[in-house]
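Visitor: give the three-dimensional model of this entry:
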Amino acid sequence: MEHQLSALTKLLDAALSSLKGTSVHLPDQGVVAWFIALSCLLIFPLLSRQFSVDNPGKAQHLLEIGMESVNAMLDSFIGKHGRDYFPVMGGFAFFILACNLITNVPGFQPPTAHLNGTVALALLSFLYYNYVGIKTNGARYLQQFIGDPVWLAPLMIPIELLSHISRPLSLSVRLFGNIFGEHTLASVFFLLLPLGLPVVFAPLGIFVSFMQAFVFTMLSMIYIAGALEHGH
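Guide: Residues are numbered from 1 along each chain as shown. Okay, the predicted model is just below:
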């Protein structure tokens, strides 16, 4: 599997180089991220054709549990109109979970075990909640940076800017640190003792994968709730 992944990476590098006329390197985790995204685009529509109200299968049950879990979080953290944001928040949850879980597949580099992957996800979350705040509240959204009364603006603006800038930093470093640590630990023990211990570490890896997907999605929802609240 690892040799096949390396071959695929080299093939994509060659294709990009021929298009740009320069030497381009696409990291393994980038290939895996695109593999996961394209797989989801193919698998979910195919699964949806087999869904049944009267006789749901195991895959349908799992997807429904996942969707209801995300919707329950939206209801809890955002409130009445929280489910309006399901497409983006559900996308975050499922994609990050898949990126985390693939660490348990030998030969695959999890995109969330690299800062470039987690920073990209964190920046998307940052841009999205600010977009929601501006779209919903217009210029009133900027009031949070000025404060009330207005004479506090010289103090509030730096504090609010620092608070918002620290959010994508916190999201990216937290996700990266946990997945990288778990992936590195499992890899080291697999090299030292290839029999037995990988089976022991697999449940830990699955738990960390679900937990970090939950934390990232939860914090993104909290940021959206705050963006909606600041306009009122």
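
Visitor: helices or strands up against the biggest helix by length in the chain?
Guide: Longest helix of the chain, by residue count under DSSP state H: helix 153-192. Under the contact criterion of 3 or more C-beta pairs under 8 Å, 6 or more residues apart in numbering; DSSP states H and E, helix 153-192 touches helix 86-101, helix 115-137, helix 143-146, helix 197-229. Where C-beta positions appear, they are placed from N, C-alpha and C, glycine not excepted.

Visitor: centre of the chain versus stretch 212-230, how much separation?
Guide: 12 Å (C-alpha atoms, centre = their mean, to the nearest Å).

Visitor: please identify the buried residues of that stretch?
Guide: Buried residues in stretch 212-230, counted by 16 or more other C-beta atoms under 10 Å: 212-214, 216-217, 219-221, 223-228, 230.

Visitor: Val70 contacts Val88, doesn't it?
Guide: No - with contacts counted by C-beta atoms under 8 Å, Val70 stays clear of Val88, the gap being 10.5 Å.

Visitor: which one's more surrounded, these two?
Guide: Shown here are Val70 and Val88; by other C-beta atoms under 10 Å, Val70 has more neighbours (23 against 18).

Visitor: what sits closest to that one if chain neighbours are left out?
Guide: Spatial nearest neighbour of Val70, excluding adjacent residues (C-beta to C-beta, 6 or more residues apart in numbering): Gly90 at 4.9 Å.

Visitor: and the gap between that neighbour and Phe210?
Guide: 15 Å (C-beta to C-beta, to the nearest Å).

Visitor: look up the pLDDT of the spatially most central residue of the chain for me, please.
Guide: For the chain, Ile96 is the residue whose C-alpha lies nearest the centre (C-alpha atoms, centre = their mean; 3.7 Å). Ile96 is assigned a predicted lDDT (pLDDT) of 95.

Visitor: contacting residues for it?
Guide: Residues in contact with Ile96 (C-beta atoms under 8 Å, 6 or more residues apart in numbering) are Thr112, Leu121, Leu175, Gln212, Ala213, Phe216, Thr217.

Visitor: alpha carbons of stretch 132-143, as CSV, please.
Guide: Taking Å, rounded to 0.1, in the frame of the first residue of the first chain, the C-alpha atoms of stretch 132-143 are listed here in CSV:
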residue,chain,number,x,y,z
VAL,A,132,-21.7,34.0,8.7
GLY,A,133,-21.4,36.9,11.2
ILE,A,134,-21.1,39.5,8.5
LYS,A,135,-23.8,38.0,6.3
THR,A,136,-26.3,37.8,9.1
ASN,A,137,-25.6,41.0,10.9
GLY,A,138,-23.9,43.3,8.4
ALA,A,139,-21.9,46.2,9.9
ARG,A,140,-23.2,45.4,13.3
TYR,A,141,-20.9,42.5,13.4
LEU,A,142,-17.9,44.8,13.6
GLN,A,143,-19.3,46.4,16.8
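
Visitor: show me how far that stretch is from its chain's centre.
Guide: Here stretch 132-143 shows a centroid-to-chain-centroid distance of 25 Å under the convention C-alpha atoms, centre = their mean.

Visitor: give the buried residues for it.
Guide: For stretch 132-143, burial by neighbour count (16+ other C-beta under 10 Å) applies to Val132, Gly133, Thr136, Asn137, Tyr141.

Visitor: which of the residues you listed sits closest to Asp84?
Guide: Ranked by distance to Asp84 (C-beta to C-beta), these are led by Val132 at 9.4 Å.

Visitor: contacting residues around the closest one?
Guide: Val132 touches Tyr85, Ile224, Ala227, Leu228, counting by C-beta under 8 Å, 6+ apart.
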